[in-house]
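Q: Fold the following and give me the result.
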Amino acid sequence: MKNARYFSIFLAALTVAAFGVFSSVGAEKNVIFIIADDESPTLGCYGDPVAKTPSIDALAADGTLFLNAFATTASCSASRSVVMSGLHNHANGQYGHQHDFHKFSSWLNCVSFSLPRVMANAGYRTAHIGKHHVAPEMVYRFDQYLKGNGRNAVEMAENCREVIAADSEKPFFIYFGTADPHRGGGKDETSPRELKPDLFGNKPNRGSHTGVDEVFFDPAEVAIPPFLPDTPETREELAQYYQSCSRVDQGVGRLVEIVKEAGLWDKTLFVFTSDHGMAFSGGKTTVYDGGLRVPFIVRNPYESNRGVRHNAMVSHIDITPSLLDFAGGLDREKNRPAKWIDPDQFWKGNDFAAKENRGPRKGMDRYHGKSWVDILGKPDAEHWDTIFASHTFHEIQMYYPMRVVRDREYKLIWNIAHGLPYPFASDLWAASSWQAQFRQSLDAPYGRKTVGEYIHRPAFELFKIDEDPNESRNLASDPAHAEILAKYQEKLKAIQKEFGDPWIQKWEYE
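A: Residues are numbered from 1 along each chain as shown. This next block holds a predicted model:
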């Protein structure tokens, strides 16, 4: 009888080893951070009736979905620098694009806050795959850079397998940046229209990326966001966009499979978001909600309350301090890494760095964001009562600084360079969805505005955001809202002062 009992225990152990049930292998508190490129909350879990995103929906059902998550800026490099530093753009120095002639980069002293740096100091193996798009590399350095086609998130996931399954006592942190659903890859020449839709990274002629079960969408059935015109050109482009989003979802699904196969599902935090909203005029590069509102899902294996739909307002500035908090490396009192990297010591002996302007003279001693880890299972908990956002550049030729303050009642936009026509990103200018309206006239409708109103903007835009979520009625010139306007202008100034925004000077002379 005694031998039989030992034999039963032996069989149970074999079962655990074979199927990964209750696996004890691998380190605790692994992190996979997934950031899509130009994706709005067009997901099934956010109520989108068209989207095909079962894997991300499953993450949300097993975690926390934030209903009020915001990027701080709707520009690729600028947004990613905020995600990876926990600092607003004016403080980290990445005002616009990093690549090519645009040449923007973060201050060298951001090394003290950099997400991969602080996670490594907290004992993590750090790996990066996909889109990086920030500089300098010395500041945002990972231990390992994995190869992978950014347009094929399934392939990217497979290339993470070795990091996930590695026999190591150290937990892993993977930064997973897709290139989908960014515009690119040419035009759909099969369209019968004069203005052809962008392919959004999809293969022409309904082709498929390797290992991807492509999902195709009927333009007649796509959902039209309120900031876009309901035109054939818009519908064709949205159909391409939705297909690209489905490819991201399949990559997320493959990542989950790999983590489960490694026996680490109950030891791995998943975060899914996007750098900003969809690449359509009215979304990307604007500070309207079409540009700033992002999907944000956190699946924490150690949180018992799952399937939470959270109303708290969270911001991209919160990501780095939150992940570091999860890793046990955040000094909550000082709101900075517990293992603080003194930038003067870090750059000591580096003649180039010693002679550089390494960043603002003051104010770079704490994160601008704060951790949301403690509120994940508490749907009624508050986080921010006021959100600050900004935009200065996208491409180098696109100087158009804007500052935003919003709470649950009002949203104020300050168009600092309102005397200038609004500048367009090159791909948004060429978009069939925009050109179809622009070629008609300045009076042609574009979402809740006209083409002319979109290009020529007033100094201030004030919206009663709780009653007007589509930002359709500007109250800034309404005498009945003069006191409200003044109140929110003062709120904006106070936040600019708190975060050390140099553009606060523009209140005095522009």
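
Q: low pLDDT regions in the protein?
A: 1-25 (pLDDT under 70).

Q: Need phi/psi at the spatially closest residue to Q250 that is not a sequence neighbour.
A: Nearest non-adjacent residue to Q250, counting by Cβ to Cβ, 6 or more residues apart in numbering: V154, 5.3 Å away. All C-beta spots, glycine's among them, are computed from the backbone N, C-alpha and C. Backbone geometry at V154, expressed as degrees, to the nearest 10, gives phi -70, psi -50.

Q: burial count for V154?
A: For V154, the neighbour count with other Cβ atoms under 10 Å is 22.

Q: Go ahead and confirm it touches G211.
A: Yes: the criterion here is Cβ atoms under 8 Å, and V154 meets it with G211 at 4.6 Å.

Q: so where do the strands sit in the stretch 401-510 of the chain?
A: Assigned by DSSP state E, counting those that start in this stretch, the strands in the stretch 401-510 of the chain fall at 402-406, 411-415, 445-446, 449-450, 460-463.

Q: Dump those into a markdown table; add mean neighbour count and distance to N335 as well.
A: Below are the strands of the stretch 401-510 of the chain laid out as a markdown table (neighbours: other Cβ atoms under 10 Å; distance: least, Cβ to Cβ, whole Å):
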| stretch | mean neighbour count | distance to N335 |
| --- | --- | --- |
| strand 402-406 | 23 | 21 |
| strand 411-415 | 24 | 26 |
| strand 445-446 | 20 | 41 |
| strand 449-450 | 17 | 39 |
| strand 460-463 | 22 | 31 |
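
Q: Among those strands, single out whichever gets nearest to A27.
A: Distance to A27, taken as Cβ to Cβ, is lowest for strand 402-406 among the strands of the stretch 401-510 of the chain, at 39.5 Å.

Q: contacting residues around that closest one?
A: Under the contact criterion Cβ atoms under 8 Å, 6 or more residues apart in numbering, strand 402-406 has outside partners 287, 292, 386-391, 411-416, 465, 488, 491-492, 495-496, 501, 503.

Q: Just after the longest helix anywhere in the chain, pick out the following helix or strand.
A: Looking across the chain with DSSP state H, the single longest helix is helix 232-261. Using DSSP states H and E, the next helix or strand after helix 232-261 towards the C-terminus is strand 268-274.

Q: Give me the next element, helix or strand, following that following strand.
A: Next in sequence after strand 268-274, counting helices and strands by DSSP H and E, comes helix 289-292.

Q: Just the strands from the stretch 1-150 of the chain, written as ranges.
A: Counting by DSSP E, counting those that start in this stretch, one finds strands in the stretch 1-150 of the chain at the ranges 30-36, 64-70, 125-130, 144-146.

Q: how distant is the second one from the center of its chain?
A: So that's strand 64-70. 12 Å (Cα atoms, centre = their mean, to the nearest Å).

Q: on that earlier part again, who are the contact partners of the residue nearest to Q250?
A: Applying Cβ under 8 Å, 6+ apart to V154 gives the contacts 209-212, 247, 250-251, 254.

Q: Which entries within the residues you listed meet the buried criterion?
A: Neighbour counting over these (16 or more other Cβ atoms under 10 Å) leaves 209, 212, 247, 250-251, 254 as the buried ones.

Q: rewinding a little: just want the angle from the longest helix of the chain to strand 125-130.
A: Relative orientation of helix 232-261 and strand 125-130, computed by axes from the mean of the first three to the mean of the last three Cα atoms, to 10 degrees: 150 degrees.

Q: Residue numbering should commence at 198 henceforth.
A: Yep, numbering from 198; the last one is helix 429-458 now.

Q: so what secondary structure elements neighbour helix 429-458?
A: Judged by 3 or more Cβ pairs under 8 Å, 6 or more residues apart in numbering; DSSP states H and E, helix 429-458 is in contact with strand 227-233, helix 251-258, helix 350-355, helix 358-362, strand 465-471, helix 629-635.

Q: Would you mind pulling the contact partners of the shortest one?
A: Right, helix 358-362. Helix 358-362 is touched from outside by 227, 322, 324, 341, 343, 369, 371, 455-456, 458-459, 461, with contacts defined as Cβ under 8 Å, 6+ apart.

Q: Tell me the buried residues in it?
A: 358, 360-362.

Q: List the neighbouring strands of the following helix or strand past it plus their orientation.
A: Per DSSP H and E, helix 358-362 leads on to strand 369-374 as the next helix or strand towards the C-terminus. Sheet pairing of strand 369-374 (DSSP bridges) gives strand 227-233 (parallel), strand 322-327 (parallel).

Q: could I get strand 369-374 in PDB with only the CA atoms?
A: These are the backbone C-alpha positions of strand 369-374, laid out as PDB (Å, rounded to 0.1, in the frame of the first residue of the first chain):
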ATOM      1  CA  PHE A 369      12.100  38.400 -18.200                       C
ATOM      2  CA  PHE A 370      10.800  41.700 -19.400                       C
ATOM      3  CA  ILE A 371       9.900  41.800 -23.100                       C
ATOM      4  CA  TYR A 372       9.000  45.000 -25.000                       C
ATOM      5  CA  PHE A 373       6.900  43.800 -27.900                       C
ATOM      6  CA  GLY A 374       6.300  46.600 -30.500                       C
END
